[in-house]
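Enquirer: Compute the structure for the input listed below.
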Amino acid sequence: MKKQVLALAIAAVLLSACGKKEEAAPAAAPVAAAPAAEPAKPAGPVLDAEKTLNIYNWADYIPEGMVAAFEKEFGIKVNYNTFENNEALHAKLVAGNSGYDIVIPTAGFAKKQIDGGLYQPIDKTKISNYANLDSKFMEKIAGVDPDNKHLVPWAWGFNTVGINKQKVEKALAGMPMPENAWDLVLDPKYTNKLKSCGIAFLDSPSEILPVALHHVGKPAYSEDPADFKLAGEMLAKVRPDIRIFSSTMIDDIASGKACAFVGWSGDINIAAGRVKEMGGKDEIVALLPTTGGLVFIDTMAIPKDAKHVNNAHAFIDFYLRGENSALMANEMSYSTANTAGLAGIKDEIKSNDTIFLNPENMARLIPTGGYSNEISSVLNDTYNAFKRGR
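Expert: Numbers count the residues shown, from 1 in each chain. Down below sits the predicted model:
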């Protein structure tokens, strides 16, 4: 907010006569006008006395230099740690005394954390850039966070199938690609061939089970144990062909550990870029299944036990500047809900149909959702049995 300060001019001092009436009084020297006051600087955000901020985010999920830029501008030391999946974040929050001021949960997974009182409400009056957020996009998050009280968008994408095009073609040996890309990793007819060059799954129950449930014709976020049983039976058929359960998918793809993978769209695109940077000839491609990828919306939230709440709001406001959201899209290959950042996004990012989807592909996506605490044990048991091959 800019403020204007009017400089006050000092009028010339009136002359006062002295001595005899007939003698003209000498003119007094004019008083120099006071220098104009410097414009007042805009009031900055209210910060905590302790200039510290503790952030807990996914790995490989922030533009280079963004933390340093925040530290320089606000004089706040950022301690930045990473986790592998939503389950690890949840365990940290449930244990209490997490030590973090900002965490980045996936909106659907955050539902039970909100229900459990693990987050404090966002004070939108402290976030001047909150108005940059797309109101229609915020309605999607309101499905798990009513009135958008606790969650602020970080980035979004979708869980999908990716391939090393050359290696998959070689492994299929003339067999045509399936109409639905999910069959590459969920149908033994294809996995039995692709196991020769490697299949990788994200190591996360909340990323794999919604896809499996949807693939067997059940609601992606079902609360029915019988549906999980059916999904588990389907997954068991392809388990012998899976090489890796990965928490470092970008590195695993770029290093050639797998030719077909269930991963996040942005990570697949980042891996594709790394292969090119290293001079690789193979083409890494994120596919768009005919039955849709699984939408995820990652968000910023402030834990209930956060110690530096004002600093957390300052960082959220900083992140929501248009230029920072554009930087996120350009470097991390994930879409943004920040309308103020769209103009700064590179053309090659805007034209990538696995980052900015057209209306047809958007309509196919499996909507974001979440599981209740009551079904969580069934979710985890089904996944663990699948991973162990039992």
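Enquirer: Show the subsequent helix or strand relative to the helix or strand where V238 lies.
Expert: Element membership for V238, per DSSP states H and E: helix 225-238. As assigned by DSSP H and E, the chain's next helix or strand after helix 225-238 is strand 244-246.
Enquirer: which regions of the stretch 151-300 of the chain lie under the pLDDT threshold?
Expert: Within the stretch 151-300 of the chain, no stretch has pLDDT under 70.
Enquirer: Sketch out the strands for it, chain order is fine.
Expert: For the stretch 151-300 of the chain, the strands defined by DSSP state E, counting those that start in this stretch occupy 152-164, 199-202, 244-246, 260-264, 284-286, 294-300.
Enquirer: now those as JSON lines including mean neighbour count?
Expert: Every residue, glycine included, has its C-beta placed from N, CA and C. Output for the strands of the stretch 151-300 of the chain, formatted as JSON lines (neighbours: other CB atoms under 10 Å):
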{"stretch": "strand 152-164", "mean neighbour count": "25"}
{"stretch": "strand 199-202", "mean neighbour count": "23"}
{"stretch": "strand 244-246", "mean neighbour count": "18"}
{"stretch": "strand 260-264", "mean neighbour count": "28"}
{"stretch": "strand 284-286", "mean neighbour count": "23"}
{"stretch": "strand 294-300", "mean neighbour count": "24"}
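Enquirer: For I55, which of those is the nearest?
Expert: strand 294-300 (9.0 Å; CB to CB).
Enquirer: what about dumping the CA coordinates of that closest one to CSV?
Expert: Output in CSV follows, covering the C-alpha atoms of strand 294-300 (Å, rounded to 0.1, in the frame of the first residue of the first chain):
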residue,chain,number,x,y,z
LEU,A,294,-6.3,-38.8,-10.2
VAL,A,295,-6.4,-35.1,-9.4
PHE,A,296,-4.3,-33.9,-6.4
ILE,A,297,-4.2,-30.4,-5.0
ASP,A,298,-1.3,-29.7,-2.7
THR,A,299,-1.9,-27.0,-0.1
MET,A,300,-0.3,-24.9,2.6
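Enquirer: Quick check: next helix or strand after that strand?
Expert: According to DSSP H and E, the helix or strand after strand 294-300 is strand 302-303.
Enquirer: immediately after that next one, which helix or strand?
Expert: helix 309-319.
Enquirer: Now do the contacts for the residue nearest to V46 when sequence neighbours are not counted.
Expert: Closest residue in space to V46, ignoring its immediate chain neighbours: N310 at 5.1 Å, by CB to CB, 6 or more residues apart in numbering. Contact analysis of N310 by CB atoms under 8 Å, 6 or more residues apart in numbering lists 45-48, 126.
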